[in-house]
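> Got a predicted model here, sequence first, then my questions.
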Amino acid sequence: MLKGIPACINPDLLKALAEMGHGDQIVLADDFFPATSMAQSGVTIHADGIGAAEMLDAILRIMPLDTEFAEHPVLIMDMANRQGQPRPTVWDDFARAVSHHVKKGESCIGFIDRFAFYEQAKKAFAIVSTGERHPYGCVILQKGVN
């Protein structure tokens with residue numbers, strides 16, 4: 001048993017986080033994301049029943065973000081056409097988690113087009129398939145050093 005590891009971080013995810021190096025990326029994917037087919041160079045880790053924001057909060061407790069070298073070490077999948085559509089509530093949950101754990105707060109969050117997100121995800125170290133049921137509940141994290 002380990003102390004201080006959030007319960008939603010399973011052994012496979014803990015191993016992946018430990019093996020990641022500076023600049024490596026990990027995807028937290030919603031339930032709709034094609035995680036297995038996108039994990040071309042990495043692994044798929046299942047976190048069924050865990051929301052993406054809950055997982056983000058848990059990971060940020062133990063993994064530093066690359067706030068020194070990346071303008072946006074947190075990249076959220078953007079909506080295809082935001083005009084006239086309400087902002088997904090899960091984005092507010094992401095922002096709260098980041099603001100709670102990262103000194104730079106929301107300024108380190110960026111948005112990326114859906115298809116660019118897919119291309120980035122293909123290069124990720126790992127993809128965590130969460131149980132997030134809100135659309136656009138996908139985020140990429142870039143690991144830092146401290």
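Structure's in. What do you need?
> can we go C-alpha only for contacts and neighbour counts from here?
OK.
> From the centre of this structure, point out the most distant residue.
Outermost residue of the chain with respect to the C-alpha centroid, by C-alpha atoms, centre = their mean, is Gly84; its distance is 25.9 Å.
> excluding its backbone neighbours, what's nearest Leu141?
Spatial nearest neighbour of Leu141, excluding adjacent residues (C-alpha to C-alpha, 6 or more residues apart in numbering): Val74 at 4.9 Å.
> mind listing what that neighbour touches?
Taking C-alpha atoms under 8 Å, 6 or more residues apart in numbering, we find Val74 in contact with 65, 108-110, 139-142.
> Return the set of residues that bridge with it.
Beta-bridge partners recorded for Val74 (DSSP bridges): Ile109, Leu141.
> Distance check, it against Gln83.
From Val74 across to Gln83, the span is 23 Å (C-alpha to C-alpha, to the nearest Å).
> How about Glu71?
Distance from Glu71 to Gln83, counting by C-alpha to C-alpha: 25 Å.
> Looking at those two, which has the bigger crowd around it?
A count of neighbours by other C-alpha atoms under 10 Å puts Glu71 above the other of Glu71 and Gln83, at 12 against 8.
> so what's the closest residue to the more buried one other than its chain neighbours up against?
Spatial nearest neighbour of Glu71, excluding adjacent residues (C-alpha to C-alpha, 6+ apart): Cys108 at 6.3 Å. Neighbour list for Cys108: 67, 71-74 [criterion: C-alpha under 8 Å, 6+ apart].
> one more time with 10 Å
Neighbouring residues of Cys108 by C-alpha atoms under 10 Å, 6 or more residues apart in numbering: 65-67, 70-75, 95, 98-99, 102.
> ok, now Ser99?
Residues counted as contacts of Ser99 (C-alpha under 10 Å, 6+ apart) are 93, 105-109.
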